[in-house]
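K.L.:
need a 3D model of the following:
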Amino acid sequence: MAYTTINKSSSFMNTKLWTGDGSTQTISGVGFQPDWTWVKGRNAGGESHRLTDIIRGVGYNLKTNGNEAQFSVSNGIQSWNSDGFIIGPDDAFNKNTKNFVSWNWKAGTGQGSSNTDGSINTIYTSVNTTAGFSISSYTGTGSAATVGHGLGAVPKMMIIKSISDATDWNVYHNATTANTKIILNTTAAAVSGTNNFGGTTPTSSVFTVNPGGGQTNDGGETYIAYCFAEKTGYSKFGSYVGNGSADGAFIYTGFKPAFILIKKTSGAASWYLNDNRRSSASGFNVSNEYLRANLSNATGTDQNGGDFLSNGFKLRNADTDYNASGQTYIYMAFAEAPLVGTNNIPANAR
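P.N.:
Numbers count the residues shown, from 1 in each chain. Okay, here's the model as predicted:
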């Protein structure tokens, strides 16, 4: 059985729902002070995904459904606190009577400091080695280089974006190669033969970046990098092959999932976001509500989406975006509870 030193996963990653009031509102119940908060409006109306982190500060946003540089927002997240955050009346965060979701991660203490492990010194790196998550900012040099991530373990997934220029979100995933480009803000399939990560697998101290198209290391551009190392019983970054059946693929994670992001790499498809809070089944299987990271669309409902189980997730639909026969998919998953933790208490299925 899978064991972990993280008995309470929600101390490091948690999903929070709220209803907007069009004013200033305190969102509590996250369970920790977030360092990266990803917000999405769930109702119709086309509100974009909004990402705020401790490195860039509460006044700046990025959105995954576009390639824009970061932009300032005065009435979004106002501040973080020990149990959540305070939001202003901006429609993308707090439109009156509308429903919202946020996914929250815990990095280090504040912005952290410069990491000097690579040939590029980061401006700031905020790192949580226990949970395997770091946020770094760095300035591109225009030539092949390395950047320190601070994790002390090899990253299994990295999400990188220029915050100073309109360029695509570049994703590295361990299930593909470091010579493969995966773009978060589009439906495009994974493209091999690219060089955004220098064709070099990350190490336990650094990752490689390369110039070209502004993706990871163009001279003078400022970048943000979200890096994830895998922690048994808490996080998993893997791949699976769909079977095209309503009795869909089962993906073993070693824990009961709280959050899953799925992308088909062998063909065009959206990035599907699912969590343990939004299901219209009120916490029971089937988990049938989804959002798409590359689109501003409202929550979609799939009557036969999938099951969140005590040791992984199972697909219950032949939808080509996440379970087409013979097609390859990558995923990023975080735990609600480990299958068995160091407290020897097993997780239960929903």
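K.L.:
hang on, Asp321 is in a helix, isn't it?
P.N.:
Yes: counting by DSSP: H, G, I helix; E, B strand; the rest coil, Asp321 is part of a helix.
K.L.:
and it, how far is that from Tyr272?
P.N.:
Distance of Asp321 to Tyr272, computed by CB to CB, to the nearest Å: 6 Å. Using the backbone N, CA and C atoms, a C-beta is placed for each residue, glycine as well.
K.L.:
over to Ser119?
P.N.:
From Ser119 over to Tyr272 (counting by CB to CB), the distance is 36 Å.
K.L.:
so between these two, which is more surrounded?
P.N.:
Under the criterion of other CB atoms under 10 Å, the comparison of Ser119 against Tyr272 puts Tyr272 first, with 24 against 15.
K.L.:
give me phi/psi at the nearest residue to that one once chain neighbours are set aside?
P.N.:
Distance criterion CB to CB, 6 or more residues apart in numbering; nearest residue to Tyr272, sequence neighbours excluded, is Ile262 at 4.5 Å. Dihedral pair for Ile262: phi -120, psi 140, per degrees, to the nearest 10.
K.L.:
pLDDT score for Ile262?
P.N.:
Predicted confidence (pLDDT) for Ile262: 96.
K.L.:
got a list of what it touches?
P.N.:
The neighbours of Ile262, taking CB atoms under 8 Å, 6 or more residues apart in numbering as the test, are Trp271, Tyr272, Asn274, Asp321, Tyr322, Tyr329, Ile330, Tyr331.
K.L.:
can you check Asp218 too?
P.N.:
Gly140, Gly142, Ser162, Asp165, Pro211, Gly212.
K.L.:
count of residues packed around the last one?
P.N.:
It refers to Gly212. The tally of other residues near Gly212 (other CB under 10 Å) stands at 12.
K.L.:
show me the shaky parts of the protein.
P.N.:
1-5, 279-288, 302-305, 339-350 (pLDDT under 70).
K.L.:
okay, now the domains of it?
P.N.:
For the chain, automatic domain parsing gives the domain ranges 9-105, 124-229, 235-338.
K.L.:
relative to Ser114, which of those domains is closest?
P.N.:
Among the domains of the chain, domain 124-229 comes nearest to Ser114, with 6.8 Å by CB to CB.
K.L.:
okay, how far is it across the closest one, tip to tip?
P.N.:
18 Å (CA to CA, to the nearest Å).
K.L.:
gap between that domain and the chain center?
P.N.:
Mean-position distance between domain 124-229 and its chain equals 14 Å (CA atoms, centre = their mean, to the nearest Å).
K.L.:
repeat for stretch 41-50
P.N.:
The chain centre lies 17 Å from the centre of stretch 41-50; the measure is CA atoms, centre = their mean.
K.L.:
CA atoms of it as PDB?
P.N.:
Coordinates of each C-alpha in stretch 41-50 appear next as PDB, following Å, rounded to 0.1, in the frame of the first residue of the first chain:
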ATOM      1  CA  GLY A  41     -16.300  31.700 -12.500                       C
ATOM      2  CA  ARG A  42     -18.600  28.700 -12.800                       C
ATOM      3  CA  ASN A  43     -21.700  30.300 -14.400                       C
ATOM      4  CA  ALA A  44     -22.300  31.400 -18.000                       C
ATOM      5  CA  GLY A  45     -20.800  34.700 -18.800                       C
ATOM      6  CA  GLY A  46     -17.400  34.000 -20.200                       C
ATOM      7  CA  GLU A  47     -15.200  34.900 -17.200                       C
ATOM      8  CA  SER A  48     -11.600  33.900 -17.700                       C
ATOM      9  CA  HIS A  49      -9.500  31.800 -15.400                       C
ATOM     10  CA  ARG A  50      -7.500  34.000 -13.100                       C
END
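K.L.:
hey, where'd the strands end up in the stretch 1-150 of the chain?
P.N.:
Counting by DSSP state E, counting those that start in this stretch, one finds strands in the stretch 1-150 of the chain at the ranges 13-19, 25-28, 36-41, 50-53, 60-61, 71-72, 77-81, 84-87, 99-105, 124-128, 133-139, 145-148.
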